[in-house]
Each structure stands twice: as C-alpha cells, then as structure tokens.
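1. Just need the structure, nothing else, for what follows:
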Amino acid sequence: TVSVFLVMAVFTSLFVHFLLLSTAFSVLVKEIDFSLCGGKINDFWSSTGLTPQSPCERDMVVEQMLSLDMNTNIGIIGSLPNQVIKQIRIHWLLQLVRITPTGFDFSSLDLLLDRMWKFDLLPGFELMGNPSDFFQDFSTQDELNMWYKLIQTMVRRYIQRYGEAWVKQWRFETWNEPDHKDFCNVNFSLSTYLRYFDASLSALKTISEDLQLGGPGGSCRHPHFLKFCYGLLDHVENGINSFNSSIKPSLDFLSFHKKGDGQNMELVVKNEKKTIKEIQNLYPMLRNIPIVNDEADPMKGWWRNEDWRAEVEYPIFVAENINNHKTMYFDEKTEAIFTLLSNDNAFLSYAPTQFTQRTLLARIQESNSSYTNSLFIKKPIFNFMVLQSHIGGQWLNIPNQIENVTIYGSQKTKVNSYFTWASTIILATSKEEMQPMLELNLKNLPPTNTSLMYNTFSLSNKLSKNPYRQWQKMGRPASLSQEQIQTLIVASRIQHSQPKLLKVSKTGAKLNFILPSPIIFAVQLCSMNPIQLPPQPYWLKLTKSSNSVLVLSWRFSGDTSCLSSFIIQFSATSPISGYTSLTTDWVTDLYFQLLNPG
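-> Modelled structure (predicted):
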C-alpha cells in the first residue's frame, strides 16, 4: 500500500499583524497612516543559535549534532515561513572534524551541513574547535600551518559541494567569547590567539575576498571580559598579519553579545550603544564595519528554568527587543551599521525543564539520555516568528509614546504574485490584570482593484492554547498517550479568526478588538490578485520524529503573508482513489505533525 500526501495553499485577502505591551491602560487608540513610510526593512532578526552539550567530548558532539532529534529540530526551524530565520549560529562545529594520518575527515560535518542546506539554513560558522585535540596553543608554525590548511581545505570542499554563492553567504566568525576562555584544551594567550586569527583570515581571504570573517564574538564588557575582545580590535586597527603580511588584518563585521536581565529589554540596546561608542572612540577605523549582536537574548543562561520562556512573555520580550533595535538603528540617525540581532534559542531542551529553557521548541524525550524518538512541541516564541515572518517591505511610521507598549508594522507591494499588497502590524500586552480595548484607525489605505480583507492572529497563555499549561495540567508526564500528544499539538497552534471584509469609507477604516492579556496580537491586511493563484507547495517530505508522531514538511516558493492556511490531504491507496483532509485547523507554517497510524 502506498500512502500519498498532498499539500495545497489557501489564501485570503488582507493581513496586518500587531504586538502590544501594556501596563496601565484600558483603551488604546492608534492611527496608522499608510502613506507615511519609513525605510526599507532588512529583516535583521533572522538568526538563531545553539551549542552542543559537553563540547570538548567529540563523540558526544557527533552524537548530538547528527541525531534524529537535531535533524527534526533543524527541519522544524527551517519550516518557518519566508525564511524568517535564515541562519543557525552553531558553536564547536570543528569538533565534528577529525585529523587523520592522510588528511582531514569531514564526514560528520558534511552530514550536518547537508541537513542545513536541505532546509535552506545558513550556518553561522565559528572557527571554533580542536579537531582530534591536535592543537595545543598555536605557538608553533606547524600548528598555524595545520590550522590554515584545515580552514582552506574545508572551505574549498564546501564551495565545491554547495556552490560558491551559498558559502559566500556564511558568516565565519572567530572563537566564541574568547575572554571566557572556553578553549577545549587549547592554551591561548592573547598573542597566540591573534596568530590564530591571522591564520584564519589568511585562509579565507586567499580563497576569496568575498568570504566574510567577523569577531570578536564576545561579551566585551568591563572589567574582566575585554582582553581578547579589545586585543583583537587593536590588532585589526594597528597590527600586521603575522601569517601573511600581504593580507591586512580586517573584520567584515563586528560581533559582540549583549543580553537582557529577564526584565528590562532596554538594557540590550543601552549596552550595545555604550560598547559601540567606546569601540568607535578607541578604534576609529572600525566605524564603518557592520554591527552584529549574535547573542541578544532577553536573559543569559539558556539552560535556566524560567516559566516565562514557556509562555507568551518570551515573545513579548523579543518583540520589544526588535522594536528597540528598529528605533535605535533605523528610525534615529546613528553612525552604527546594524545588520543582525540573533536570539540564541535553537537548543535541544531536556527534562525536567522541557518547556522552560531558552528554546524555540519543547522537546519531550522518552529518556533523558536519548537524542531519538522525542516529541517536539511549538512554543509561543516559535509561533511569534511565524507572525514576524510577514514583516517585510517598508516600515510603517507608527508614533508611539505609551510606556510599555510595543507596536511596529510594515507594508509591501508585489508584482506577479497572488496578492498585490499586504500590511503587517505587531502589538503586545503583558499585564495579566489588564484587558485593554484596541482601536485601530487606518488612514490612506492604498487604492486597490479588489476588496481588502483582514484576519487576526494571537498568542496567549489561555489554557486551551498554551501547551506548557496543558502539560502541567496533565501532571508534567515524561511519557505521553496519543490523546495527550494530540492535545499538546492542538494547543501549540496559533489562534486565529476567519477572514473578513474590511469596510473602507472615504476616511479610511476602523477596527476594534478586546484583548485578553498578556497577548501577542496580529491583524493581517491583504489585497489579492484575482487573476493569479498562489504557487503550488513542493518538495513534500515525511519523517518520523517519534514512534507516535510523523512530521510533514514542504517548500513554498512564494511569500506566505496572505495565505490563511495550507490544507493537507491524504490517500491510503495506490493508484489514488481519493483524498481525505487531515487538517481541521489552520496551518500557518511549512510543517505539520500528525499521529503515527502505525
């Protein structure tokens, strides 16, 4: 018997997204003038990251990074619409390489990168690790020559394997947080660390000037975490390349890590601004280098047990952080060229904190030492990225003076697409005691040949729509029945309304909503193209994430902003005698979980 799955795209008309943070208001009135546009959006939020456990034990790194669980994790992240996450920055990738008597064994690294390539995800490639524990301190020319050969051989291999265009998009980066001295048996001093940098830079730039190397990838904070950070920047500003003097020390981007404290997200941009100002004063030649905060999380310590990481408060923090960066670097005039904000949250969670660690997905294992046969459940932070994926085109100019309220939005026009215009505005409230009413006054909507439609999406801590609270109600079981699994899957879906016609008058349109709090709320507006259908989904894949659950994933060549849902149909016979629909709710990303019929 051959089982056949079919995925179809269903579209509505007009889509706008809102996120709102609230403290002390009952009515929030916002006027949105679609004739007032800000700058072009560069989707600077498009990165996540992870690290393997026990990174200095190569066998453990290989087991984790090549496991079925990691494959499922990467696949689900890769299913987010519109490539809202394009990059996974992974520590210790070079631990997957072995040095052999005849050269280098890249087979394990090949498998991981093949998986990422399959899901259209770029590696954030830190030149970090100690293959076969060969390297001691980088003090000898033999070690430096071996490192240079390793990087050269590896990069040429992957250019041949994936194509130069793809590898040129990788952000290579120096060793993560060198001032924390987590070096896996390498005894770096500042001078030998700089020699490591020179050999790495020479290996990349000898292949192509277009290959990117950034750094120092550290916290770069006073008083104890500056020696390697500022030592590298001083070397780039004033030094000579000790490995190849014809290649000037340089960085293609300046990376550092600034996080929140779990309460105040303004600390992130505040500390970024302080560090950028100090660096630009000390090293004026670095003023025009793009800035990357590739660990910009609401709170450090990914493994820490924090209930808010399982609930809607986590994406509220992230939304505020995105908006703060938009305001700081794109609305206001600044010399800093900010290009990337990364949330370091692609880790594999483990018991007993499956939902409450800093992850996009909750992983429920059959046993705590297992990296196979686990159930993955979408958390509110994952679903927020689905909503964030529709932010694109140009920023809307939405003034906001209300304390503890985050609101931002975008609009975009399309040609040769199933929709001609879409707008997304994001809003969020965080105070549980409030139940604000939101009134949106929409002005100067663009002229269209078709009616405008809207629908709403939201994330909340409501029991029926919060998988963590459902799991707690079940008694936090490690082993789940099929009924419990289905309950968690359903609770992990985005709440939504049916598409409605937007009533537009000469003065615009008005929408009113009563919002339970805390909440992530999204209103989507779309104008459809009546003569063009959405492209057909393709590359449908069926994989097993656990003995109980199958995962369907697919690709979609268009923008999903004005799709209301994908419909999944199934035929149990071959030749096909008819399809049965598997979807009873909206599917808003590019994967679908279903119970294994056995």
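2. Please compute how far stretch 253-272 lies from its chain's middle.
-> Stretch 253-272 sits 17 Å away from the centroid of its parent chain (Cα atoms, centre = their mean, to the nearest Å).
3. cool, stretch 377-385 as well?
-> With Cα atoms, centre = their mean, you get 11 Å for stretch 377-385.
4. try stretch 572-588
-> Distance, stretch centre to chain centre, for stretch 572-588: 30 Å (Cα atoms, centre = their mean).
5. residues in contact with the lengthiest helix in the chain?
-> Longest helix in the chain, counting residues (DSSP state H): helix 141-162. For helix 141-162, the surrounding residues in contact (Cβ atoms under 8 Å, 6 or more residues apart in numbering) are 94, 97, 99, 103-104, 106, 109-110, 113, 117, 127, 131, 134-138, 167, 195-196, 199-200, 202-204, 206-207, 211, 243. Where you see a C-beta, it was placed from the backbone N, CA and C, and this is true even at glycine.
6. List the buried residues of it.
-> The neighbour-count check on helix 141-162 (16 or more other Cβ atoms under 10 Å) flags 143-144, 146-148, 150-152, 154-155, 157-159, 162 as buried.
7. can you redo these as CSV with pLDDT and distance to residue 509?
-> Listed next are the buried residues of helix 141-162 as CSV, based on pLDDT from 0 to 100; distance: Cβ to Cβ, whole Å:
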residue, pLDDT, distance to residue 509
143, 97, 67
144, 98, 65
146, 98, 66
147, 98, 61
148, 98, 62
150, 98, 60
151, 98, 57
152, 98, 59
154, 98, 55
155, 98, 53
157, 98, 56
158, 98, 51
159, 98, 52
162, 97, 47
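8. and of those, the nearest to residue 538?
-> residue 162 (20.2 Å; Cβ to Cβ).
9. Which element, helix or strand, includes residue 411?
-> Element membership for residue 411 (DSSP states H and E) is strand 406-413.
10. repeat for residue 199
-> Per DSSP H and E, residue 199 falls inside helix 190-207.
11. what's the next secondary structure element after that helix?
-> Taking DSSP H and E, what comes next after helix 190-207 is strand 212-218.
12. Now do that following strand against helix 190-207, angle only.
-> 160 degrees (axes from the mean of the first three to the mean of the last three Cα atoms, to 10 degrees).
13. which is the next helix or strand following the worst-scoring helix or strand of the chain on mean pLDDT?
-> One helix or strand of the chain scores below all others by mean pLDDT, DSSP states H and E: strand 4-11, with a mean of 60. Going down the chain from strand 4-11, the next helix or strand is strand 27-33, by DSSP H and E.
14. For the helix or strand just after that next one, buried residues please.
-> Next helix or strand after strand 27-33 toward the C-terminus (DSSP H and E): strand 37-40. Neighbour-count burial for strand 37-40, counted by 16+ other Cβ under 10 Å, picks out residue 38.
15. If you count neighbours, what's buried in stretch 401-414?
-> Neighbour counts over stretch 401-414 (16+ other Cβ under 10 Å) mark 402, 405, 406, 407, 408, 409, 410, 411, 412, 414 as buried.
16. And those residues, which two are furthest apart?
-> 402 and 414 (32.2 Å).
17. what's the spacing between residue 422 and residue 398?
-> Applying Cβ to Cβ, to the nearest Å, one obtains 16 Å for the distance of residue 422 from residue 398.
18. In terms of neighbours, single out the busier of those two.
-> Neighbour totals were compared for residue 422 and residue 398, and residue 422 leads with 27 against 18 (other Cβ atoms under 10 Å).
19. host element of that one?
-> Short version, using DSSP H and E: residue 422 is in strand 419-429.
20. Quickly run through the sheet partners of that strand, with directions.
-> Sheet pairing for strand 419-429, assigned by DSSP bridges, gives strand 406-413 (antiparallel), strand 519-528 (antiparallel).
21. So for residue 68, which of those sits nearest?
-> strand 519-528 (31.0 Å).
22. is residue 437 in a bridge, and if so with what?
-> residue 27, residue 514.
23. got it, and residue 225?
-> Residue 225 has these beta-bridge partners by DSSP bridges: residue 221.
24. isn't it right up against residue 179?
-> Yes. Counting by Cβ atoms under 8 Å, residue 225 does reach residue 179; the two are 4.0 Å apart.
25. So for these two, which residues contact both of them?
-> Common neighbours of residue 225 and residue 179 are listed as 218, 219 (criterion: Cβ under 8 Å, 6+ apart).
26. any idea which element residue 275 lies in?
-> Per DSSP H and E: residue 275 is located in helix 266-282.
27. residues contacting the nearest residue in space to residue 540 that is not next to it in sequence?
-> Once flanking residues are discounted, residue 540 sits nearest to residue 554: 4.6 Å by Cβ to Cβ, 6 or more residues apart in numbering. If you count contacts by Cβ under 8 Å, 6+ apart, residue 554 has them with 7, 537, 538, 539, 540, 541, 566, 590, 591.
28. Kindly provide the distance from the third one to residue 553.
-> This means residue 538. As judged by Cβ to Cβ, residue 538 and residue 553 stand 11 Å apart.
29. So what does residue 242 have for phi and psi?
-> Per-residue torsions, residue 242: phi -80, psi -20 (degrees, to the nearest 10).
30. Touching, it and residue 195? I think so.
-> Yes. Assessed by Cβ under 8 Å, residue 242 is found in contact with residue 195 at 5.4 Å.
31. out of these two, which sits in the more crowded spot?
-> A side-by-side neighbour count of residue 242 and residue 195, using other Cβ under 10 Å, places residue 195 first with 23 against 16.
32. Could I get the full set of strands for the stretch 351-500 of the chain?
-> 361-364, 375-378, 394-396, 406-413, 419-429, 437-443, 452-460, 495-496, 500-501 (DSSP state E, counting those that start in this stretch).
33. re the thing from before, out of the buried residues of helix 141-162, which one sits closest to residue 33?
-> Closest to residue 33, out of all of the buried residues of helix 141-162 and judged by Cβ to Cβ, is residue 162, at 44.7 Å.
34. circling back to that earlier point, and the strand holding residue 411 with strand 27-33, angle?
-> Going by the same axes, to 10 degrees, strand 406-413 makes 30 degrees with strand 27-33.
35. which residues touch strand 406-413?
-> For strand 406-413, contacts defined as Cβ under 8 Å, 6+ apart pick out 16-21, 30, 32, 34, 37, 41, 316, 319-320, 322-323, 326, 390-396, 398, 400, 420-428, 446, 559, 561.
36. Buried ones among the residues you listed?
-> For these, buried by 16+ other Cβ under 10 Å: 16-21, 30, 32, 34, 41, 316, 319-320, 322-323, 326, 390-396, 398, 420-428, 559, 561.
37. Need the distance between the two termini of stretch 299-318.
-> 11 Å (Cα to Cα, to the nearest Å).
38. actually stretch 528-548, not the one I wrote
-> 39 Å.
39. What are the buried residues along that stretch?
-> Burial within stretch 528-548, assessed by neighbour count using 16+ other Cβ under 10 Å, is assigned to 528, 529, 534, 537, 545, 546, 548.
40. For it, what does the pLDDT average out to?
-> Regarding stretch 528-548, the rounded mean pLDDT is 86.
41. same deal with stretch 410-420?
-> On average, stretch 410-420 scores 94.
42. Could you work out the end-to-end span of it for me?
-> 14 Å.
43. Run a quick neighbour tally on the nearest residue to residue 54 once chain neighbours are set aside.
-> Once flanking residues are discounted, residue 54 sits nearest to residue 60: 4.2 Å by Cβ to Cβ, 6+ apart. Each residue near residue 60 was counted by other Cβ under 10 Å, and the total is 14.
44. repeat for residue 310
-> For residue 310, the neighbour count with other Cβ under 10 Å is 27.
45. In this structure it contacts residue 355, no?
-> Yes. With contacts counted by Cβ under 8 Å, residue 310 reaches residue 355, the gap being 3.8 Å.
46. Perfect, I'm done here.
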